[in-house]
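> Using only what follows, build the 3D model:
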Amino acid sequence: MTYRTKHQPDPHVQFKEIRILMGVVVLILGLCSAVVSQAQDTTATSQSDWAQWRGPNRDGIAREDPLLTSWPAQGPALLWKREGLGKGWSSPIIAGDAIYITGDIGDHVIVFAFDRNGTPLWHTENGKAWEKPYPGSRACCAFSEGRVYHLNAHGRLVCLDAASGKEVWHLNILELFQGTNITWALSECLLIDGDRLIVTPGGKKALMAALDKHTGRTLWTTEPLEEDKTSYASPILFEWQGRRFIASCSSAHGFGVDADTGRLQWTVPLNNPHGVNAATPVFGSGCIFYCTPYAENGRCYRLTVTDDTVTAEHLWTCPIDAVTGGGLLVKNTLYAAGYRQCKWWMAIDWKTGQTQHELKDLTTGAAVYADNRLYIVDEKGTVALVKPEPDGLEITGQFRLTEEKITDAWAHPVVHSGRLYVRYHDTLWCYKIEPQ
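So this is what the prediction gives:
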């Protein structure tokens, strides 16, 4: 299916295939990568929806069962697929009876709305497409109180009416906070905290900022870090020792701010040659995990809150250097895949950082967790159901999205209401994963 907008008179725009540039750092998907938080739900989204990046708690965990414990050789039953999304790595979000996803069509990024059967509802432009290295849409949408929000690759943030797709307001966060775009473009999946919309422009006027989600008005800002820019990560929101924090990554640091004031609370070094920190931090049991490729890899810190002071004490280091993929913290085990050093899946002890298990049958990728299993999509297009066992990680089903050779299946999967959603550029697949 091809979509037509007022800026695109030709409904048959063909997309120029790009060659994956091996050895170049890939962008966060939305993309985005992300490793995820094990945080309390303090966002404005419903627990019954998957209305933002990585679900209700931004932790990649779908709290539903029962689901299929294994798959037939061809994979679970395909309910429907929708083509015509264009280039992009953004994941779908689901709110009420609608699915929202983005893709680059011709010269513009398009926000699509579908019903639960994949039937188109509306589509709306959000500015220019990204046409430089790795063309395609980045960040996924966020939904709150009848509005859909999206940040495009150039910093254009739009608020849309969820029912009609009509634009309510927009602004450019790079222009507003004097930031500059980064090599592979902005990829942040927006965080909604009550009436606040959190963005990370990394500009001269703000490292991070909270905007009024109804109007776009600035509510608070975080002081910039000297000679630091934004990066490709998406933030998390969590509570610890009676306070609320937002944590994310800049081009050279992992950091945390006070969620109510924006005041910077801690920074830790995340230096790498490319200024690429794509993995969302992981929080659990008073500890926070950051990782950076090509350099310091995965590092866990203990957070101690004393009055207005927060200290981040380094506890352990592990070989996780995720970029486009994500990780999951479940029952004191971190599941994640590396990118350069260990380009396969690992189970890491959250208390010690020691590797418990390795799964080398799948390459780096992204995952969600539901009903005691991992749903993994690796970058070569293999979709796998993996059960953590005491003695290892067992694959109980797998299939290929396409028989073509690919290395950029970077969109994160979604599990919601007994369905598995998987996106590869132009196509979104919906599979039935609940028992008959």
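> and H150, helix, strand or coil?
When classified by DSSP: H, G, I helix; E, B strand; the rest coil, H150 comes out as strand.
> so what pLDDT did the nearest residue to it once chain neighbours are set aside get?
Of all residues not flanking H150 in the chain, C141 sits nearest, at 4.7 Å (C-beta to C-beta, 6 or more residues apart in numbering). Bear in mind the C-beta positions are built from the backbone N, C-alpha and C, glycine included. pLDDT recorded at C141 is 98.
> And for C141, the neighbour number?
C141 has 30 neighbours, counted by other C-beta atoms under 10 Å.
> Enumerate every residue touching it.
Residues in contact with C141 (C-beta atoms under 8 Å, 6 or more residues apart in numbering) are 90, 93, 100-102, 111, 148-150, 190.
> if we go to 10 Å?
Contact analysis of C141 by C-beta atoms under 10 Å, 6 or more residues apart in numbering lists 30, 51-53, 90-93, 95, 99-102, 111-113, 126, 148-151, 158, 160, 162, 189-190.
> got it, and W169?
W169 is in contact with 147, 157-160, 211-217, counting by C-beta under 10 Å, 6+ apart.
> Filter those down to just the ones in strands.
Mapping the contacts of W169 onto strands (DSSP state E) picks out 147, 157-160, 211-212.
> Buried members of the contacts of C141 into PyMOL, please.
One line in PyMOL is enough to select the buried ones among these; burial here means 16 or more other C-beta atoms under 10 Å:
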select buried, resi 30+51+52+53+90+91+92+93+95+99+100+101+102+111+112+113+126+148+149+150+151+158+160+162+189+190
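> how close does A279 get to H412?
Look at A279 and H412: by C-beta to C-beta, to the nearest Å, they are 12 Å apart.
> of the two, who's got more company?
For the pair A279 and H412, the greater number of neighbours falls to A279 (35 against 32), based on other C-beta under 10 Å.
> pretty sure the more buried one is touching S234, no?
Yes. Contact criterion C-beta atoms under 10 Å: A279 and S234 qualify, at 9.4 Å.
> residues near P269, how many?
13.
> Bridging across strands, which residues link to it?
P269 forms beta bridges with H253, as assigned by DSSP bridges.
> ok, it - contacts?
Per C-beta under 10 Å, 6+ apart, neighbours of P269: 252-254, 290, 292, 295-296, 299.
> of those, closest to K432?
Nearest to K432 among these, counting by C-beta to C-beta, is Y290 at 36.7 Å.
> That closest one belongs to a strand?
Yes. Membership of Y290 in a strand is supported by three-state DSSP.
> what's around it, how many residues?
By other C-beta under 10 Å, the residues close to Y290 number 27.
> I figured A247 hits L264, correct?
No. Look at A247 against L264 with C-beta under 10 Å: they stay out of range, at 11.2 Å.
> More neighbours: which of these two?
Higher neighbour count among A247 and L264: A247, with 27 against 18, using other C-beta under 10 Å.
> so that one bridges to which residues?
I236, G256.
> how far away is the residue nearest to A163 when sequence neighbours are not counted from W169?
The shortest distance from A163 to any non-neighbouring residue, by C-beta to C-beta, 6+ apart, is to G146 (6.9 Å). Applying C-beta to C-beta, the value for G146 to W169 is 14 Å.
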